[in-house]
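Enquirer: Fold the following for me, if possible:
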Amino acid sequence: MLFIITFNILTIFNYCIIQAKAIKRIELIDQQRILEVTLIAYFKNEVKNSLLLSDEYIEDNKIVKYIVDDMGDEYEITVEETSGFNVIMKISLDKSKFKVNKISYESK
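Expert: Residues are numbered from 1 along each chain as shown. Reported below is the predicted structural model:
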C-alpha cells in the first residue's frame, strides 16, 4: 500500500514538472511571436520612410541586433536577440511592395 501511494505522489509531481516546462516553452514561443510581429512592422516602416540599414533594435529591455543585406528588389534581414532566444530569424522583405516574402528560423 505504501508503495502505491508513493508511486502516485511521484507521478503527480512528475506531471506538475512536465506541465511547468510546457508552460515556459509556450511563454517563450509567445515572446518570439510578439518580437517577430513587432520587428516586421518596424522593418516595413523603415523601408517605407527611410533606408533600412544594419542596426540594433531596443524594446522592453531586449536588444535585437539585425544585419541587412540589400539583394536588389528585396532585403534579407538576419535577426539575433542577445538576451534569450537561441534562434536566428531570417526575413526576406520585398522593397517595392513592403511585403514579407519569407521567414525562416535557424538554431544557433
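
Enquirer: quick one, what contacts residue 55?
Expert: By CB atoms under 8 Å, 6 or more residues apart in numbering, the residues touching residue 55 are 65, 66. Backbone N, C-alpha and C define where each C-beta goes, glycine included.

Enquirer: hmm, try it at 7 Å
Expert: residue 66 (CB atoms under 7 Å, 6 or more residues apart in numbering).

Enquirer: how close does it get to residue 101?
Expert: Going from residue 55 to residue 101 by CB to CB, to the nearest Å gives 21 Å.

Enquirer: Give me the residue at the spatial middle of the protein.
Expert: residue 32 (3.0 Å; CA atoms, centre = their mean).

Enquirer: May I ask which helix or strand encompasses it?
Expert: Assigned by DSSP states H and E, residue 32 belongs to helix 2-49.

Enquirer: name the helices or strands packed onto that helix?
Expert: The helices and strands touching helix 2-49, judged by 3 or more CB pairs under 7 Å, 6 or more residues apart in numbering; DSSP states H and E, are strand 55-59, strand 74-81, strand 87-94.

Enquirer: Excluding residues flanking it in the chain, which one is nearest residue 52?
Expert: In this structure, residue 52 finds its nearest non-sequential neighbour in residue 46, 4.4 Å apart by CB to CB, 6 or more residues apart in numbering.

Enquirer: Correction: the previous question concerned residue 48.
Expert: Using CB to CB, 6+ apart, the closest residue to residue 48 is residue 98 (5.7 Å).

Enquirer: Per-residue pLDDT of the one you found, please?
Expert: The model reports residue 98 with a pLDDT of 76.

Enquirer: Let me have the helices and strands packed on helix 2-49 in a markdown table, extended by mean pLDDT.
Expert: Listed next are the helices and strands packed on helix 2-49 as a markdown table, based on pLDDT from 0 to 100:
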| stretch | mean pLDDT |
| --- | --- |
| strand 55-59 | 78 |
| strand 74-81 | 74 |
| strand 87-94 | 79 |
